[in-house]
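Enquirer: Next comes the sequence, and after it the predicted model I'd like to discuss.
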Amino acid sequence: MFRQIDGLVPREDFISAMRRVAASVTVVTTDGPAGRAGATVSAFSSVSADPPTVLVCLHAQSRIAGFVQENKRFCVNVLPERSSDIADRFAGRHDGSVPDRFDGIEVFAPRGHAPVIDGATAFQCDLQQVVRSGSHLIVVGHVRDVLVSAAPPLAYRDGAYHRVVPHARAG
């Protein structure tokens, strides 16, 4: 049975349902005039292949959102399955003991691009559009370069990290 308050589902019901949705774990990075920043993000999607475009959703009041808007570029790093420690780091779980989230993380940054996390599938983007929706910004970027990793992605569902395991194909 569906419950609604003022035409919208109650917040708790929405959160409970969204916890059941699996998502790749990504770290959005940026570097430029505003400085370098990175944050773990689960809301990432392709938008179009013509032109190659992706989106990420960032909390409007977050440091990363401001830096991406000022730097006008970002990289979406789809983390490999053995990178839960990196996901935790960029989610801010260690900010009290490790003030620089990049400290000890293997990254490289081609000139004029945002940092790429070693082993990640990376989408280097130029900021194309920002749309406010509720507490978040929908950040749309044109993909200027990609780096494809052979490693399976790290997934997140119901408050825990998961491995993506393919089903056997019927014969």
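Expert: Looks like it arrived, so ask away.

Enquirer: Residue 25 - nearest residue in space that isn't next to it in sequence?
Expert: residue 154 (4.4 Å; Cβ to Cβ, 6 or more residues apart in numbering). Yep, even glycine has a C-beta here, placed from its N, CA and C like the rest.

Enquirer: ok, that neighbour touching residue 24?
Expert: Yes - the pair residue 154 / residue 24 is scored as a contact, 7.1 Å apart, by Cβ atoms under 8 Å.

Enquirer: Between these two, which has more neighbouring residues?
Expert: residue 154 (23 against 17; other Cβ atoms under 10 Å).

Enquirer: That one: helix or strand, and which one exactly?
Expert: strand 154-157 (DSSP states H and E).

Enquirer: Return the list of strands paired to that strand, each annotated with direction.
Expert: According to DSSP bridges, strand 154-157 forms sheet pairs with strand 23-24 (antiparallel), strand 160-163 (antiparallel).

Enquirer: Just the pLDDT for residue 6.
Expert: Per-residue pLDDT puts residue 6 at 72.

Enquirer: how far away is it from residue 19?
Expert: 23 Å (Cβ to Cβ, to the nearest Å).

Enquirer: Could you do residue 154 as well?
Expert: On the measure of Cβ to Cβ, residue 154 and residue 19 end up 17 Å apart.

Enquirer: again, but for residue 166
Expert: Counting by Cβ to Cβ, the gap from residue 166 to residue 19 is 23 Å.

Enquirer: So between these two, which is more surrounded?
Expert: Per other Cβ under 10 Å, whichever of residue 166 and residue 19 has more neighbours is residue 19, with 12 against 6.

Enquirer: Near the closest residue to the more buried one other than its chain neighbours, how many other residues are there?
Expert: Once flanking residues are discounted, residue 19 sits nearest to residue 158: 4.9 Å by Cβ to Cβ, 6+ apart. Residues near residue 158, counting by other Cβ under 10 Å, number 11.
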